[in-house]
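**Q** below are the sequence and a predicted model; questions follow.
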Amino acid sequence: MDIIEINNLTKNFGNFQALKGVNLAVKEGEVHGFIGPNGAGKSTTIRILLGLLRKSSGSIYVMNEDPWENAVNLHTKLAYVPGDVSLWPDLTGGEIIDFLGRLHGGLDLNKKKELIDSFQLDPTKKSSTYSKGNRQKVALIAAFSCNSELYLFDEPTSGLDPLMEVIFQEYVGKLKEKGKTVLLSSHILSEVESLCDRVSIISNGKIVETGSLNQMKHLTRTIVNVTTNDALEGLSKIPGVHDIVHNKNQYRFSIDTDVINTVISALSRINVTSFTAEPPSLEELFMRHYEVKE
């Protein structure tokens, strides 16, 4: 069963077409990644899912209901965390969590306490004193404390430190164990890789690819930077090595996961003075694979 079903969805803002026929299906019980470069249409799609924006054309159903026609009913069955949370400045974090829980129809008090401890939030402070990361924590704690069927996360870990990102991932894993459905919009590739069953990539207002990350091997490339005074020969002949850039004594290239050992073996035969390896940013991936040609 599809919890979210979108067919040929378009959204126009005056003469600008933000969505150009989006097709997206999110299955019940899956964690579905929704990724793309800034301005691709992720947040617009999510706002239509929430009933905050009205579609221009196409069809969209959330739990078999039209979100524009039945937003109030749907909001009792879903939880939403945006990437930039605004809070009531004179209320404490704890008061806001309780208020959001009441709006949703109630929250699990034991779960709330556990989450406050896990996310290391001081709920007695007024939200006006909170950093961006702490504002995100308030929204995440409120969302995870509620028993929802669908969780919509739009860049939810924006502003969180790496430890808190790990805590977020742990709680998404617990939702998955309970059979809950999650739509996760994220710029963090490692987050998507560790959490998502399937991924849909949106670029320029259209879904350009959907599948598991195992089916998208180009999304799991590692970027390598090497500094050496020796000649690094034969690199371009290794299958799975891509985008080689050579400037004086520095090399930068990307490699597929299955050739990491081969590349390390080649590097072991020369004198390497500096070596770093990092996952590619989603922006780099989209520029390489989905850039619109003028």
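**A** Received it, and whenever you're ready, just let me know what you need.
**Q** wait, what's in contact with the residue nearest to the spatial centre of the chain?
**A** The residue lying closest to the centre of the chain (C-alpha atoms, centre = their mean) is Ser186, at 1.7 Å. Ser186 is in contact with 33, 35, 153, 155-157, 192, counting by C-beta atoms under 8 Å, 6 or more residues apart in numbering. Where C-beta positions appear, they are placed from N, C-alpha and C, glycine not excepted.
**Q** keep only those of these that are in helices.
**A** Using DSSP state H, Val192 are the members of the contacts of Ser186 that sit in helices.
**Q** now render the contacts of Ser186 as TSV, adding pLDDT.
**A** Formatted as TSV, these follow (pLDDT from 0 to 100):
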residue	pLDDT
Gly33	93
Ile35	87
Phe153	95
Glu155	91
Pro156	93
Thr157	91
Val192	83
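**Q** which ChimeraX command selects the buried ones in the contacts of Ser186?
**A** To isolate the buried members of these in ChimeraX, using 16 or more other C-beta atoms under 10 Å:
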select :33,35,153,155,156,157,192
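**Q** now Cys196. Nearest residue, chain neighbours left out?
**A** Spatial nearest neighbour of Cys196, excluding adjacent residues (C-beta to C-beta, 6 or more residues apart in numbering): Gly33 at 3.7 Å.
**Q** other residues contacting stretch 1-10?
**A** 17, 19-28, 32, 45, 48-49, 55-63, 149-150, 181, 183.
**Q** which elements pack onto the helix or strand containing Met164?
**A** Using DSSP states H and E, Met164 sits in helix 162-177. If you count contacts as 3 or more C-beta pairs under 8 Å, 6 or more residues apart in numbering; DSSP states H and E, helix 162-177 packs onto strand 31-35, helix 109-118, helix 132-145, strand 150-154, strand 181-185, helix 189-195.
**Q** for the third one, what is the distance to the chain centroid?
**A** This means helix 132-145. Relative to its chain's centre, helix 132-145 lies at 16 Å (C-alpha atoms, centre = their mean, to the nearest Å).
**Q** please apply the same query to the first one.
**A** Its chain's C-alpha centre and that of strand 31-35 lie 6 Å apart, by C-alpha atoms, centre = their mean.
**Q** thinking again about what came up before, please pick the buried ones from the contacts of stretch 1-10.
**A** The neighbour-count test (16+ other C-beta under 10 Å) applied to these identifies 19, 22, 24-26, 32, 45, 48-49, 55, 58, 60-63, 149-150, 181, 183 as buried.
**Q** restricted to strands, list those.
**A** 19, 22, 24-26, 32, 58, 60-62, 150, 181, 183 (DSSP state E).
**Q** what's the nearest residue to the spatially most distant residue from the centre of the chain if we skip its chain neighbours?
**A** The outermost residue of the chain relative to its centre, with distances by C-alpha atoms, centre = their mean, is Asp230 at 40.2 Å. Nearest residue to Asp230, sequence neighbours excluded (C-beta to C-beta, 6+ apart): Ile270, at 4.0 Å.
**Q** got the phi and psi for that neighbour?
**A** Dihedral angles of Ile270 (phi, psi; degrees, to the nearest 10) stand at phi -130, psi 170.
**Q** about what we covered before: export the helices and strands packed on helix 162-177 to TSV and tack on distance to Ile6?
**A** Below are these laid out as TSV (distance: least, C-beta to C-beta, whole Å):
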stretch	distance to Ile6
strand 31-35	11
helix 109-118	31
helix 132-145	22
strand 150-154	13
strand 181-185	11
helix 189-195	19
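**Q** of these, which shows the lowest average pLDDT?
**A** When the helices and strands packed on helix 162-177 are compared by mean pLDDT, helix 189-195 comes last with a mean of 80.
**Q** elements contacting it?
**A** Using 3+ C-beta pairs under 8 Å, 6+ apart as the test, helix 189-195 ends up in contact with strand 31-35, helix 162-177, strand 181-185.
**Q** and if we set it to 7 Å?
**A** On a contact count with 3 or more C-beta pairs under 7 Å, 6 or more residues apart in numbering; DSSP states H and E, helix 189-195 meets strand 31-35, helix 162-177.
**Q** so who does Glu155 touch?
**A** 83, 185-187 (C-beta atoms under 7 Å, 6 or more residues apart in numbering).
**Q** go with 6 Å
**A** 83, 185 (C-beta atoms under 6 Å, 6 or more residues apart in numbering).
**Q** before we move on, what about the one 4 residues further on?
**A** When contacts are counted by C-beta under 6 Å, 6+ apart, Gly159 touches 132-133, 136.
**Q** do Thr276 as well
**A** Thr276 makes contacts with Asn225, as judged by C-beta under 6 Å, 6+ apart.
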